[in-house]
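[1] Any chance you could fold what I've pasted below:
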Amino acid sequence: MSGHGTPIPMQAGHANPLTGAAHVPGDKSISHRSLMFGAMAVGKTEIFGLLEGEDVLDTAKAMRAFGAEVTQHGPGHWTVHGVGVGGLAEPDTVIDCGNSGTGVRLIMGMMATSPITATFTGDASLNKRPMARITDPLALFGTQSVGRSQGRLPLTIVGAENPVPVEYHLPVASAQVKSAVLLAGLNAPGKTVVVEPKATRDHTERMLRGFGAELTVEDTNEGRVITLTGQPELQPQTIHVPRDPSSAAFPVCAALITPGSDVLVPNIGLNPTRSGLFITLQEMGADLTFENEREEGGEPVADLRARYSPNMKGINVPEHRAASMIDEYPILSVVAANATGVTHMGGVHELRVKESDRIDAMAQGLRANGVSVDEGEDWWAVTGLGAGNVPGGATCETFLDHRIAMSFLILGFASKSAVAVNDGGPIATSFPIFEQLMGDLGANIERISV
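    The predicted structure is shown next:
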């Protein structure tokens, strides 16, 4: 079953040319953080273009539970009346973060240095994911946690009565762990330092500065050193959320593999810590162009045009690029299946502990549809069959993972036979308009009865 209800089997067959503009939802990472930072500011933060998928709506409910006044005024238009750093109230109920690893991990960081207690849970998928990678560094501040083995949810966090600042060296690059530590550092005295071995998405750092926190970033021989001065008074902001590059990946990649396609995705966020997929696709020979490049709210933005690209070649994706495209490897593997030659993806162990084991999930489904895949603990390689040569015809298990579901449906657009998924329900967690948007472009996605 989907973590959000009865399974919704879906099927996608060979698509007409995809044409038109794809207005994808607002960036999920920035949407989560807009609500959280708004809750920790003093006064009213106004947000336009908020992603209204289930993950972000669960974060909005959580901010209310911690005492912020969160109001929706219209599609994508929200306000948050914050309670200030250190002003979080103790929730009366369990905080249910649904399917969102970003939501639960960042919220744990938010409250970890306040003298309050909160219990967190999620759906069946989230409750399987390891949280010790968050609770271990939070313990350095003086926080206590009680959960199942490996710190899995349901889990209770007891905030530090007298938090101390920390210096934490990330064992592996993770924007979620980095952000949780920085958010905990907000309510600790002195300077909290995070050292990451390689750069991950930096929305947290950009937004902290935007809200008035004192934060510096320095590249050193040890890695990227981020220093935050604790106990600031965050100032409320007006935020225009750019459109999500991870969501844009789906119509973009669909256009590249579907004959005759020409799709424009306007107003896409092109933060350099998030744009690795587009660089990789261009290296494979994809017809991608960036138009009307500009900056909005401190984030680089452009309109992205993708056209059918039948002559793409497999490449060795540089390992250092993994952090900038970690969520996009599933849909990249679909493009790789329609390219010629081998696409090797290394340094991606993080995929093993996402909403599902994404390497295993994609490998199983691609093999079932006639594509050869090799894999190791932190790498995988897809041997492409060339444009239009994927046999298809299989039903793929999504493992309650939205990106797995969308990736296999798009595989069906260019396969010889339709591709089905056992449950497309989790798509609503991040991309609630996926079916309608892809249908408006010309795709053939249908819900099927079993």
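
[2] rest of the way, CA atoms for contacts and neighbours
    Fine.

[3] Alpha carbons of stretch 66-82, as CSV, please.
    Presented in CSV, the C-alpha positions along stretch 66-82 are these (Å, rounded to 0.1, in the frame of the first residue of the first chain):
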residue,chain,number,x,y,z
PHE,A,66,5.3,24.3,17.2
GLY,A,67,3.4,27.5,17.7
ALA,A,68,3.7,29.4,14.4
GLU,A,69,0.6,30.9,12.6
VAL,A,70,0.6,29.4,9.1
THR,A,71,-2.1,30.5,6.7
GLN,A,72,-2.9,29.8,3.0
HIS,A,73,-4.4,32.7,1.1
GLY,A,74,-4.6,31.2,-2.4
PRO,A,75,-2.7,28.7,-4.6
GLY,A,76,0.9,28.9,-3.6
HIS,A,77,0.4,32.1,-1.5
TRP,A,78,1.0,31.6,2.2
THR,A,79,2.0,33.6,5.3
VAL,A,80,3.9,32.5,8.4
HIS,A,81,3.8,34.6,11.6
GLY,A,82,6.9,33.3,13.4
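
[4] Buried residues of that stretch, list them for me.
    66-70, 76-82 (16 or more other CA atoms under 10 Å).

[5] Quickly list what the closest residue to Leu215 other than its chain neighbours is bridged to.
    Spatial nearest neighbour of Leu215, excluding adjacent residues (CA to CA, 6 or more residues apart in numbering): Leu228 at 4.5 Å. Residues in a beta bridge with Leu228, per DSSP bridges, are Thr192, Leu215.

[6] Just the ones in strands from the buried residues of stretch 66-82, please.
    69-70, 77-82 (DSSP state E).

[7] dump the residue contacts of the residue lying farthest from the centre of the chain.
    In the chain, the greatest distance from the average C-alpha position (CA atoms, centre = their mean) is reached by Asn162, at 32.6 Å. Contact analysis of Asn162 by CA atoms under 8 Å, 6 or more residues apart in numbering lists 113, 142.

[8] what do you get for the one 4 residues further on?
    Val166 makes contacts with 140-141, 185, 191-193, as judged by CA under 8 Å, 6+ apart.

[9] try it again with 7 Å
    The contact partners of Val166, by CA atoms under 7 Å, 6 or more residues apart in numbering, come to 140-141, 192-193.

[10] What segments of the stretch 351-450 of the chain are helices?
    For the stretch 351-450 of the chain, applying DSSP state H, counting those that start in this stretch gives helices covering 358-368, 402-414, 434-441.

[11] Contacts for the shortest one, please.
    Right, the one you point to is helix 434-441. By CA under 7 Å, 6+ apart, helix 434-441 touches 18-20, 22, 445.

[12] got it, and the longest one?
    Among residues not part of helix 402-414, those counted as contacts by CA under 7 Å, 6+ apart are 11-15, 254, 257-258, 330-331, 334, 362, 388, 392, 398, 418-421, 424, 426-427.
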